[in-house]
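>>> Sharing a model prediction with you, sequence too.
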Amino acid sequence: MHHANHFYGHAHVLARYAGLGDGHPPRINGYIQHGWNIGDGLAPGHPYAERTPSLLWSEQTRRRAWSVGRRNVTVIGAPFVYLLATARQPGPAQPERAGTIWYPFHGWEGQHVKGDHRELIARIRDTEPGPVTVCLYWHEHRMRRVRRLYENAGFRVVCHGYRGHWWKDTDPEFLHRQLAELRRHARVASNRLTSAIFYGIAAGCEPAVYGDPMVLAAEDPTFGGTARIRRQWPELHGEQVHLPTAVEIARAELGTDHRHPPAALRELLGWADPQEETT
Amino acid sequence: MTTETAPTVALPGGEMLAWSDRRDGAGDRPLAALAARLVPAGARVLVAGPHDPVLLDALAHARLTCLLRGYPDAAAIADRVDRVLVAGPHGLPTGEEYDVVIAGAGLDAVESVEGERLGWDGLLARLVAALRPGGDLLLRVDNPLGVHRLVTATSWYAGRGDAEWTVGGVLDTSLPANLDQARARLATAGVPAGSCYAAYPRPDLTTALLSADQLSRPTASGLFDAVLHDACTEGFAGQFVLADPARLAVDALHAGRAAELAPSWLLLARRATDGPQSTRSEQPDSPLGGPDGLPVALVRAAAGGGVVEVLDEAHGWCWRRTDLGDRSGPTPTAYDGRPAAHRDPRGPQGPVPDGRLLRSLLLDGCLRRDTARLRRLLRGYAEWLDGQAERGQLTGAVALAGADNLVVAGDRFAVLDPSWRAGVGLPVDVVLARTLWRFATELLAGGYAHPWTSTLDVAGLTVVLGGVAGRDFDRAVVATAVQTDATVSVALRGPESDRRVDPDTETRPVPPTGPRSYQQMYETWLREREENTRLAALLRWTEELLNARERALRRAEAKINLLSGSLSYKVGRLAITPARMAKRGAGAAKRRAREAIAAKRQEQTKREQK
């Protein structure tokens, strides 16, 4: 299995939905899109075997992937929508949603973000009406200096976990933790339109995208970068956005309607006759 | 050669004594049904050229004279008709007139090798002369650019067969090359054409007659779609062709061109009573086809051979059974003794539901990768099945009708031909899986583009389609559906149609019945090549990954080895390891130095030699 299929515990979420239990997921016959992106759905720079199926989130991404030469591209929807189908619905005992969960745009192990966190904190304070939870990516969370900045601003600081790298230390509970946090908040916000915003909308939060989008070191300009994101999805940018429109866009981008039933998913992932033990 | 002739057989000249036009497998039941409608009791009918004997049976109420060029053909039918003339066109007695003239094999088959050739116009003039004023002519005209010509793997101009003592074709301007030219020639000859039928699937085999006027309307009728597809699939079964004729015919239907691409046309013309320029509307005679008018379509029932008509009535199109009923034997039973399906031997009756054929809608959705549309269609179908089930079981026509026998108008589903019915109750999921398995087979075997991965086999694709329909059934249900399909096929078409496969081991689609086309082979080759490319890339990737994982494993084993030993072993390893690594490094450096010195020496030696 491609190691990126394990990011954020995606393979685990899909295996559980497909009825294969909570054990180690069997190898997937294809590449799962591991985050919302404006390209072909695959992470640039990752090695891929030609014509191996790309299992993408949305129809729009499928068309785009095809147009840039990808073949064997199929829409299955985001693993998060499979999680929503299996995760227990919040019961009446669940405390009422309050405040905002804020996701400062993050880099990753290979690309770090450059930007002024203080300026961003001031903007968040000026904008958000209620208590703010800041969710940092794992390596920024480990950077004491960055974490302190947000803590000292009076924000609650959390991290959903480590997404895993080369099959190591994958946290299968990553998305579960993220969903639980999203369901505690009324709003979800970020300085860039990212997966977390779409997850938040799908989990029932009002979205907002504002503030300095920051700069990613050696950002790949092939698909247009943040400028294009703002041009193509202006409805999702701003401190307040029209919720029904946002819900509709999130539904399309996460491919909610493309979610397959367990048996069909097993076929598409090559799990109809798994060769590995899953427990 | 001495020949003893039967009393009804006359040889007035131009006969071909050893020639026969009879062909095995030829059939023209729809023409017979149409002729039976046109010919009133006691009418004088001239049947010019070779015809299926069923036509003679259908016209038993009339006084039949047959004009045949081959003597063996005449001898074979002598006891079924009033008179047989074994002759070329010159043998028709001058002055004799008929109420109806039928040339259902075209005019070429009337011409004999003996005597002077008359050519197409001359032959037409001769037959028109034998028609009484106001009499009806039923004439077949071959299309030089029909579906059959477009898909044939052999060239039309290379004919060397016995019947090809001349090769007619589009270069011969004496032949009408299209429908308009045929109408113009008939009008000039004094027999203006009225209705016209497109005859499919081959010039020498007609299993479907479809109204040319209706075909030209942009309706994309589900009925015509199904009829054209079935006729062309069965009509070219086992033949090697360039492209799938069924695909071409259905595409032509959707483009409003199925009449123009028909392999042949059947024209109904009436001899003018007041000069060659009269038009049909001026005719005082009764309308053709009796009080019901002419049918929209005449179709040979798939399994039996009976003919059913489609009439255009006030409330819409309607099935009507003809006297040319089913001649097949009793419905075969499945291997377990119980009939899985049975058929009303008289064919369908009642209204023909309008709408587009589900198969075409699904194919369109797959080609456009319009999964939202596919979801709507398949969920609608699944819910429609649910709505008719009793305790989860379906019976009757609904249980057997696949995507090739269902029409969709808006959100409404209906069975096109309800004459086939399930003999036993079938679970809804099995009915759905059978329809989807048959469609998946066609999709993969036909090489159609679709929105899913190339890694799916037929059973896998069926499960995925079931998911699109909102059902979560697995391969076990597909396996049951495949067995059910085999049982039903045996009941429908006999034991030779048993195409049972094991869905667990079958990775490639079973080619559906029908022709084998060059395009299909080429597409299969392309898909196989793509699969090989994919698998080769996957193998390279896996090799690289395996190497990386083996290195990681060796590191992990070394670490485990170190951690699992005794304290003195660990201390010893820790002390020795740097020394071993240093020794290994020194050895490598020494090797490199030696190689460098050797290379330099070689270079120096070469310089000195120069």
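Now that the structure is in, tell me what you want to look at. Numbers count the residues shown, from 1 in each chain, chains lettered A, B, ... in the order given.
>>> what secondary structure does residue 176 sit in?
With no chain named, the answer covers chain A. Here residue A:176 is helix, with the state taken from DSSP: H, G, I helix; E, B strand; the rest coil.
>>> my guess is it contacts residue A:88, does it?
No: checked against CB atoms under 8 Å, the pair residue A:176 and residue A:88 is beyond contact range at 10.2 Å. Yep, even glycine has a C-beta here, placed from its N, CA and C like the rest.
>>> Who has more neighbours out of these two?
residue A:176 (19 against 5; other CB atoms under 10 Å in any protein chain shown).
>>> Can you tell me which residues in the stretch 51-200 of chain A are near chain B?
Selection of the stretch 51-200 of chain A residues close to chain B by CB under 8 Å from any CB of the partner chain yields A:51-53, A:55, A:59, A:62, A:71-72, A:74-75.
>>> For residue B:300, which non-adjacent residue is closest in space?
Spatial nearest neighbour of residue B:300, chain neighbours left out: residue B:207 (4.2 Å); criterion: CB to CB, 6 or more residues apart in numbering or on different chains.
>>> Whichever residue of the stretch 451-600 of chain B sits closest to chain A and residue B:297: what is the separation?
Closest residue of the stretch 451-600 of chain B to chain A, CB to the nearest CB: residue B:467 (2.8 Å). Separation of residue B:467 from residue B:297 (CB to CB, to the nearest Å) stands at 37 Å.
>>> Dump the residues of the stretch 51-200 of chain A next to chain B to CSV, plus distance to residue B:531 and secondary structure.
Below are these laid out as CSV (distance: CB to CB, whole Å; DSSP: H, G, I helix; E, B strand; the rest coil):
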residue, distance to residue B:531, secondary structure
A:51, 8, coil
A:52, 12, coil
A:53, 12, coil
A:55, 18, strand
A:59, 25, helix
A:62, 20, helix
A:71, 11, coil
A:72, 10, coil
A:74, 16, strand
A:75, 21, strand
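>>> Would you format those residues as TSV with neighbour count and distance to residue B:414 included?
As requested, those are exported to TSV (neighbours: other CB atoms under 10 Å in any protein chain shown; distance: CB to CB, whole Å):
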residue	neighbour count	distance to residue B:414
A:51	21	41
A:52	22	43
A:53	25	37
A:55	26	37
A:59	19	30
A:62	25	33
A:71	16	38
A:72	21	37
A:74	24	32
A:75	27	31
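>>> coming back round to it: ok, how many other residues are close to the residue nearest to residue B:300?
By the measure other CB under 10 Å, the count of residues near residue B:207 is 25.
>>> Name the strands paired with the helix or strand hosting it and say parallel or antiparallel.
Element membership of residue B:207, judged by DSSP states H and E, is strand B:205-211. Its sheet considered, strand B:205-211 pairs with strand B:193-202 (antiparallel), strand B:297-300 (antiparallel) by DSSP bridges.
>>> send the alpha carbons of the first one over as PDB?
It refers to strand B:193-202. Only the C-alpha atoms of strand B:193-202 are listed here, as PDB (Å, rounded to 0.1, in the frame of the first residue of the first chain):
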ATOM      1  CA  ALA B 193     -44.800   5.100 -53.200                       C
ATOM      2  CA  GLY B 194     -46.700   5.700 -50.000                       C
ATOM      3  CA  SER B 195     -45.500   4.100 -46.900                       C
ATOM      4  CA  CYS B 196     -42.000   2.800 -46.500                       C
ATOM      5  CA  TYR B 197     -40.400   0.400 -44.000                       C
ATOM      6  CA  ALA B 198     -36.800   0.200 -43.000                       C
ATOM      7  CA  ALA B 199     -35.800  -3.500 -43.000                       C
ATOM      8  CA  TYR B 200     -33.200  -4.700 -40.600                       C
ATOM      9  CA  PRO B 201     -30.700  -6.400 -40.000                       C
ATOM     10  CA  ARG B 202     -29.500  -7.600 -43.400                       C
END
